[in-house]
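>>> Kindly generate the corresponding structure for this input.
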Amino acid sequence: MKKSVLIVATSVVLSVLCSGAICRYSSLRAAESGKFFSFSNDSTSSAAGSTLRYAASPDFVYAAESSVDAVVFIQVAKRSEVPQNMSFLQHFFGYDIQPQRSMSSGSGVIITPDGYIVTNNHVVEGASEIKVTLNDQKSFSAKVIGTDPITDIALIKIDSKELPVVPMGDSDSLRLGEWVLAIGCPYSMNNTVTAGIVSAKGRTLGAAANGFKIESYIQTDAAVNPGNSGGALVNLKGELVGINTAIASPTGAFAGYSFAVPSSLVKKIVSDLLQYGTIQRAQLGVSTVTMSSDVAAALKIADDTQGAAVAEVVEGSAAQKGGIKVNDVIVAVDGHKVTSSNELQERINIHRPGDGVTVSVVRGGKSVECNVVLQLMDLNAMMDSQARKERAREEEMMRQYQRRRQQRQYYQVDPWGLF
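Numbers count the residues shown, from 1 in each chain. Take a look at the predicted model:
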């Protein structure tokens, strides 16, 4: 009997020891596997300078709490001198015609303690009055310091001091799959925080109505809706990496895709508006296309080459003076990798006229460094050139259509399907 009890007791002790060892091993493995799921300031990754923390899930609390007070609600009043829906008598005689007042809203980000706020140009465009409401419900009148419709960035100011700010971050260091937060005021709901990942960089939404617009957006899947425009896109350190600007949606509400202007471009626009009152926009002087298999085959270079292939070099431009030639493939600017025409545009747009840059190109399978001094962009000439190209394209399409119409068709399908 005593022998049986001893055997049972020994078995229980061994089971407890084995269970404890298994649990400890499992927890260590879980911590080790969890290191890829969140960021922190504790330890540094040798691969790309990002920081990793041993945790099972990302922690959004610090980024949200440190940023939310610096995101503001913007209400804009606009006056129309010609009222809509006028009766015939009002239109003819002009009596009782009063200017109409419309209201719209958006978001903004405080970037200095003395009240400078970044938002979107389309939020404040045409405003007669601008009211800014802070997270503590204090309200201020704001004035427009400057706008840039080309990048859809505007700078406004309120009269206050010791305000909370969102520090500028480095959008160039963002990596695909990195967690970000979108903070804004969708549908007038102040200081709403949503989370997502960086889905793409250097994204474009297509040319603007005037035929020319600078677009190199950060694409995320953080939920952004009407009213989020001008709000903050922050990383997990609580740094501003973008200004939320647009969504791609068939309904006008969030459908999974949102876009932000990178902070690298925002910093340059804000600096220009503060120093010069206008944008000092630099120009390289090339027309490019993003590399693809077809382009690589035409240039007889490696199919895996990424960059922007030079289709045209403007006479007397900075590119020509710097030695860039047609069929060169631009792969980097100042050591920053370029994988598309949009990324090339972004790298140039963060500079001012007169800045010197090193443009790395692939020419005939060999790497070449070109030292280029950027020139001032003539925006009117650029828009005229874009308009001419668009007209030429439309005329060519019309000529092709007319030629097809004039060709005789010997075999036609019976529209009733009888023969």
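>>> Quick one: mean pLDDT for stretch 201-221?
Across stretch 201-221, the average pLDDT comes to 72.
>>> Kindly report the same for stretch 177-197.
Per-residue scores along stretch 177-197 average to 94.
>>> Next: stretch 334-349.
Stretch 334-349 comes out at a mean pLDDT of 90.
>>> all helices of this structure, in order?
Along the chain, counting by DSSP state H, helices occupy 2-33, 61-67, 88-93, 121-124, 263-275, 293-299, 318-321, 341-349, 379-406.
>>> Please list all residues in contact with residue 283.
317, 318, 348, 353, 374, 375, 376, 377, 378, 382 (C-beta atoms under 8 Å, 6 or more residues apart in numbering). Every residue, glycine included, has its C-beta placed from N, CA and C.
>>> Output those residues as JSON lines; include the columns neighbour count and distance to residue 308.
Output for these, formatted as JSON lines (neighbours: other C-beta atoms under 10 Å; distance: C-beta to C-beta, whole Å):
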{"residue": "317", "neighbour count": "18", "distance to residue 308": "15"}
{"residue": "318", "neighbour count": "27", "distance to residue 308": "15"}
{"residue": "348", "neighbour count": "24", "distance to residue 308": "11"}
{"residue": "353", "neighbour count": "14", "distance to residue 308": "21"}
{"residue": "374", "neighbour count": "22", "distance to residue 308": "16"}
{"residue": "375", "neighbour count": "18", "distance to residue 308": "18"}
{"residue": "376", "neighbour count": "13", "distance to residue 308": "21"}
{"residue": "377", "neighbour count": "19", "distance to residue 308": "17"}
{"residue": "378", "neighbour count": "12", "distance to residue 308": "21"}
{"residue": "382", "neighbour count": "15", "distance to residue 308": "17"}
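>>> so where's this structure uncertain?
The chain contains residues with pLDDT under 70 at 1-57, 80-99, 206-214, 378-394, 401, 404-419.
>>> Need the residue closest to the centroid of it.
Centroid-nearest residue in the chain: residue 217, 2.5 Å away (criterion: C-alpha atoms, centre = their mean).
>>> Pretty sure it sits against residue 203.
Yes: with contact defined as C-beta atoms under 8 Å, residue 217 reaches residue 203; the gap is 4.5 Å.
>>> Next, show the common contact partners of those two.
With C-beta under 8 Å, 6+ apart as the test, residue 217 and residue 203 both reach residue 259.
>>> per the record, what domains does this protein have?
Listed domain ranges for the chain are 18-57, 60-278, 282-376 (source: automatic domain parsing).
>>> Quick one: closest of the ones you listed to residue 395.
Set against residue 395 and scored by C-beta to C-beta, the domains of the chain come closest in domain 60-278, at 15.5 Å.
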